[in-house]
Every structure is written in structure tokens, then in C-alpha cells.
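Participant: how would this look folded up:
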Amino acid sequence: MNEKLLMLIKELQSSRKLETYGEEATKQAVVLPILSALGWNPFNPEEVYPEYSVKGRRVDYALRHKGNNKVFIEVKKVNEDLEKHQEQLLDYSFREGVKLAILTNGISWWFYLPLREGSWEQRKFYTIEIYEQDTESIVENFEKFLSKDNVISGRAIEYAESVYKSKQKERLIADTLPKAWEKIITEPDEQLVELLADTTEKLCGYRPDSEAVERFLQNELKIISSRETHTPNIRSLPSQKKQNHQKIYKPTGYVGKSITAFALDGVRYPVKSWKDMLIKVCNLMHLKYPNDFDKVLTLVGRKRPYFSKNPNELRSPERIDDTQIYAETNLSANAIVGITKKVLALFGYSDNALKIETRK
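Facilitator: Got it, this is the predicted structure:
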């Protein structure tokens, strides 16, 4: 542990004078002592270059090694809005090819990777708060990202990249989870339908069929959509821009739809249910490819086969005409469409060969 830096941070945390400092006092009483404790020589412009010129403008400090800029630091007074200055700092850093930049008012220290992609906010990979964070944690992270040894060796950038990638991963997950949930609820697959049906059966002794589960999910979707549409965001501040974040979830695929007919090879076949379509397509394939029809036995789900010569292996078996092969029919609409297309693919049909007509 850097004892010199530890004592300095403790001293800063115990005094509230920092809140009264202007920009120059912050540089003298906070920034330069911290840099000194991290191994930089503030009296050597070859290491700590003040008022470094960039395209006619100036950065408060450039940390340098062997004539190369390693870090840009911009200092503002305590009550200054740092967000107003991040674009300027990162623009300077980007122009000069500086990989690490810091924006600070002495209390808050914002660390950036300027050469990374994304918004200014996305390039900010870490924040140190002198008054809010644990002393040892502050010292540890100053050492990681700003000590002279780590900056010169490149370890500071390695640490920064690791934190940045972790934050990007978290952000991507946070952005994707709602989309994944929407997809699950709007396009219930076999596993979700099976799970709900199994749990219902365990609780009450009766097993719902796949269509009943789909109808339930569709109704739940409508309830969620209604809540999101009519519930105000009480956490929004008056100063925030009003944005319409409400989303009406609509079922996709064939959830909540009834099939009326399908077309294959230019012929239209009226049907009364999704199950009828599956059986009709299987009968057609058996008529056309009787010697190869056994290939459907290779189609299996996560828990059980879709086709079997043993009807006891299926929940709701229905026999294909003139065969000893049975098809599972206790499936959701989306599942039946998927299986039907897989059957057709076994016999050389493309994914769009099947045309389906529905009504809501």
C-alpha cells in the first residue's frame, strides 16, 4: 500500500476545505500532491507538463515519458459541471493519440479511454470519489490507473481496458435482457411451454395443453403492456427531457393466431388447426417420399421426440396415414410451424416453401 498516498487521501477526506477551492488551489493542494505520491515529479516538465498546448488550446497537465504524452489531465473547480468539459478533453486526447485521460475537480476523478469507440460517457471507465469511497480502495485504484510505474509500463492501460470491457459487457447485458424477455414472452418456445405445463400439473394435478399455455402467456403479455403504458415514471426529474420509453409488446410469430390454410408446391390446403397442418404436411411427404419418410424419426426435442413408432413416448400422438409413425401434436403454434419446416427441409424444401394463412 502506498503509505504516502494513503495519508494524503485520509487528510483530504477529513477536511472539507476542498469544497471551497478554486481551480488553481485544487491543482496546488490536491492534483499535484497526488501525482507526486504516485511517483511523478511535478517540478519536472519532462514528466508533468503544465498547460500543454493542443491545436491552440491547452490541457492542464500532460504526463509524459521520453517525449511522449501518456496521460492528459484537465482540472476544474469543485462546483464546475464536469460533463460540460469531457468532450473537449477527449477531443484533445483523441487528436494527440493519448490513451488515458482524466477529468477532475479534486473531489471527483473521471477516468477515460479516449481512443475507444462509443459516447463520451461510454468511454468513461472508472470514477474515484474522494469523499464517498473507501480510503484504501481510492489508493489502490489511483495506483492501478495513474502511478508512474504502471503508466510507463502499460499496465495502467491494461487495467483500464479490463474495467472498460467489463462495463461494456454489463451494459450489453442490461440492454439485451429486456429484449430477451420480450422474445421469450412473445415467442414462447417448447421449453417455456413445457416448463409452465409441468409446473401447473404438479400444482393442481391437471396438465394444460400447449395452446392453453400460449393463451395464458399472451394474456400476461397484454397485462404487462398495459401496466407499462399507464404507469408514470415517478423517478423522472422535471429537468430531464421527456422521452417516450413506453413500449407496447405485441406477440410475434404465430402466438394468438388461428391457421386457416397453408400452401405447398402451389397447392392451397384448408385446415382447422395447427395440428392439422403438421399432420397434412407429413401425409403429403409420406405420399411423395414413402421410402425416405422414416427420416422424420431423427427430429427430437429437448425432452422427447417429435416423431416415434411408440405412441407412449409422446404426450398427444397422432398417426401418419399408412405408417406406424406417430407425430407429437401437443405443441404450441410456433413449435408446430418450426417442426413442419424441419420436416420439409428433410426432403429438400427451403424455409419459405411453406405459406401460411392465419386469422387473429
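
Participant: for the stretch 201-350 of the chain, just list every one of the strands.
Facilitator: For the stretch 201-350 of the chain, the strands defined by DSSP state E, counting those that start in this stretch cover 258-264, 267-270, 307-308, 317-319, 326-328.

Participant: and the stretch 51-200 of the chain, by the same measure?
Facilitator: 57-65, 68-75, 100-104, 108-112, 124-129.

Participant: apart from its neighbours in sequence, what residue is nearest the residue of the chain positioned farthest from its centre?
Facilitator: Most distant residue from the mean C-alpha position of the chain: D322, 50.4 Å away (CA atoms, centre = their mean). In this structure, D322 finds its nearest non-sequential neighbour in H286, 6.7 Å apart by CB to CB, 6 or more residues apart in numbering. (C-beta placed from N, C-alpha, C; glycine too.)

Participant: what sits against the one you found?
Facilitator: In this structure, H286 makes contact with F293, I320, D321, D322, T323, judged by CB atoms under 8 Å, 6 or more residues apart in numbering.

Participant: gap between it and L314?
Facilitator: Look at H286 and L314: by CB to CB, to the nearest Å, they are 18 Å apart.

Participant: ok, T298 next?
Facilitator: Going from T298 to L314 by CB to CB gives 15 Å.

Participant: who's more crowded, the two?
Facilitator: Each of T298 and L314 has its neighbours counted (other CB atoms under 10 Å); L314 has more, 18 against 11.

Participant: ok, and the closest non-adjacent residue to that one?
Facilitator: Looking at L314 with CB to CB, 6+ apart, the closest residue is E328, at 4.5 Å.

Participant: OK, contacts around the one you found?
Facilitator: Residues near E328 by CB under 8 Å, 6+ apart: G301, R304, P305, Y306, F307, S308, L314, R315, S316, P317.

Participant: who does it form a beta bridge with?
Facilitator: Under DSSP bridges, the beta-bridge partners of E328 are P317.

Participant: report the residue ranges of every domain in the chain.
Facilitator: 3-167, 258-359 (automatic domain parsing).

Participant: how about the ones you listed, which one is nearest K179?
Facilitator: K179 lies closest, by CB to CB, to one member of these: domain 258-359, at 17.5 Å.

Participant: for Q324, see how far away the residue lying closest to P305 once chain neighbours are set aside is.
Facilitator: Computed as CB to CB, 6+ apart, the closest residue to P305 that is not its neighbour in sequence is E313, at 6.0 Å. E313 sits 13 Å away from Q324, taking CB to CB as the criterion.
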